[in-house]
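# one predicted model, sequence on top.
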Protein chains: 2
Amino acid sequence: MTAARLAILQTVSGGDHLDVEAIHRGVCDRVGQVSLQAVYDSLNALHCGGLLRRIEPAGSPTRYETRVGDNHHHLVCRTCGRITDVDCAVGHAPCLDPASDAGYLVDEADVIYWGLCPRCRAETGSAPPCPARD
Amino acid sequence: MTAARLAILQTVSGGDHLDVEAIHRGVCDRVGQVSLQAVYDSLNALHCGGLLRRIEPAGSPTRYETRVGDNHHHLVCRTCGRITDVDCAVGHAPCLDPASDAGYLVDEADVIYWGLCPRCRAETGSAPPCPARD
DNA sequence: TCAGCACACTTGAATGATTCAAGTAAAGGA
DNA sequence: TCCTTTACTTGAATCATTCAAGTGTGCTGA
């Protein structure tokens, strides 16, 4: 664990679902110039090591957060991309029980609620860009 | 609705969570040469019109399916990328009720179960590439 | 009949997050 | 001291997707 990686952890835990670019900026602020590739590399290592959780909502760059292991989910705004944590509706981790697992060995459930955040609701009058129905 | 778009619908409904490239091939088989951009364009239109559902698992290209409106979810294999449908664990559509919606206007819930499909389980001995824990 | 227009489609180029490749430097172990 | 591993650097490549600009076709209203 190097200074750069510590700075990544600090930046991520101090931010709110940051993307790689934002993390990179934060790390540079803390410890001086660090290459973007080092950030990618370290984020991967930290993620595989279970220290960071990776969030990849469709159509937007990867984001990271330090809240791991508590099986919470995410609200994503279709308009501004803002991400908000929500606790698991089922109640306890892990909610890894699909109705039928079809023989799969399930190790993670990714739940994303798509919608409009309060701010965008007020601004756009409750009309998401492309009304995806599901 | 043109021949090309009809061919897209037929290809997607006859396939299994196809990606854009596969759909493009299928459409060309049915109605002759069609540009990739036309396929992208039409897929977008069909998706916005509610005729196709879009699935975008992290780290793999967008896929489409014709099963819309029944709020089912997906099992995705970490190793081979195979996608399998699962019915909603909650039971009835829409399972759009996060524990707290934080003021969001939620219109869709995307649930992806990550794991190993039966085939990859047998081959790799139940070891996903990067053991993401959650 | 014809201008105007919307729309599906074409070709070609651009974007942008991410990954790959190859090399350097520092730390740790034998 | 040598060797190996690991973190990091610079630079280039990849690839799905989108943007831009132009072409042809069919419909509508005058």
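Nice, I can see it.
# which residues of chain A fall in helices?
A:3-14, A:20-31, A:36-48, A:118-124 (DSSP state H).
# roughly how far apart are the closest residue to residue A:30 other than its chain neighbours and residue A:121?
Ranked by C-beta to C-beta, 6 or more residues apart in numbering or on different chains and with sequence neighbours excluded, the top spatial neighbour of residue A:30 is residue A:7, at 4.2 Å. For the C-beta atoms, the positions are set from N, CA and C on the backbone; glycine is no exception. Distance, residue A:7 to residue A:121, by C-beta to C-beta, to the nearest Å: 36 Å.
# that older thread, can I get the helices of chain A in CSV with mean neighbour count?
Listed next are the helices of chain A as CSV, based on neighbours: other C-beta atoms under 10 Å in any protein chain shown:
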stretch, mean neighbour count
helix A:3-14, 18
helix A:20-31, 17
helix A:36-48, 16
helix A:118-124, 15
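# and those as JSON lines, adding mean pLDDT and distance to residue B:113?
As requested, these are exported to JSON lines (pLDDT from 0 to 100; distance: least, C-beta to C-beta, whole Å):
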{"stretch": "helix A:3-14", "mean pLDDT": "93", "distance to residue B:113": "25"}
{"stretch": "helix A:20-31", "mean pLDDT": "94", "distance to residue B:113": "26"}
{"stretch": "helix A:36-48", "mean pLDDT": "94", "distance to residue B:113": "19"}
{"stretch": "helix A:118-124", "mean pLDDT": "81", "distance to residue B:113": "29"}
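# torsion angles phi and psi at the closest residue to residue A:13 other than its chain neighbours?
Ranked by C-beta to C-beta, 6+ apart and with sequence neighbours excluded, the top spatial neighbour of residue A:13 is residue A:66, at 4.1 Å. For residue A:66, the backbone dihedrals (degrees, to the nearest 10) come out as phi -90, psi -10.
# neighbours around residue A:66, how many?
Residues lying near residue A:66 (other C-beta atoms under 10 Å in any protein chain shown) number 15.
# distance of it from residue B:58?
Taking C-beta to C-beta as the measure, residue A:66 falls 18 Å from residue B:58.
# ok, now residue A:50?
From residue A:50 to residue B:58 the distance is 17 Å (C-beta to C-beta).
# can you pull up the most central residue in chain A?
residue A:55 (3.0 Å; C-alpha atoms, centre = their mean).
# quick check: bridge partners of the residue lying closest to that residue once chain neighbours are set aside?
Closest residue to residue A:55 in three dimensions, ignoring its sequence neighbours and counting by C-beta to C-beta, 6+ apart: residue A:63, at 4.6 Å. Beta-bridge pairing of residue A:63, defined through DSSP bridges, involves residue A:19, residue A:55.
# domain map for chain A?
A:3-65, A:73-124 (automatic domain parsing).
# sorry, back to before: distance to residue B:85 for the helices of chain A - can I get that in a markdown table?
Converted to a markdown table, these look like this (distance: least, C-beta to C-beta, whole Å):
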| stretch | distance to residue B:85 |
| --- | --- |
| helix A:3-14 | 34 |
| helix A:20-31 | 32 |
| helix A:36-48 | 28 |
| helix A:118-124 | 31 |
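# JSON lines for those helices, including distance to DNA strand D?
Output for these, formatted as JSON lines (distance: least, C-beta to the nearest atom of the strand, whole Å):
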{"stretch": "helix A:3-14", "distance to DNA strand D": "3"}
{"stretch": "helix A:20-31", "distance to DNA strand D": "8"}
{"stretch": "helix A:36-48", "distance to DNA strand D": "3"}
{"stretch": "helix A:118-124", "distance to DNA strand D": "18"}
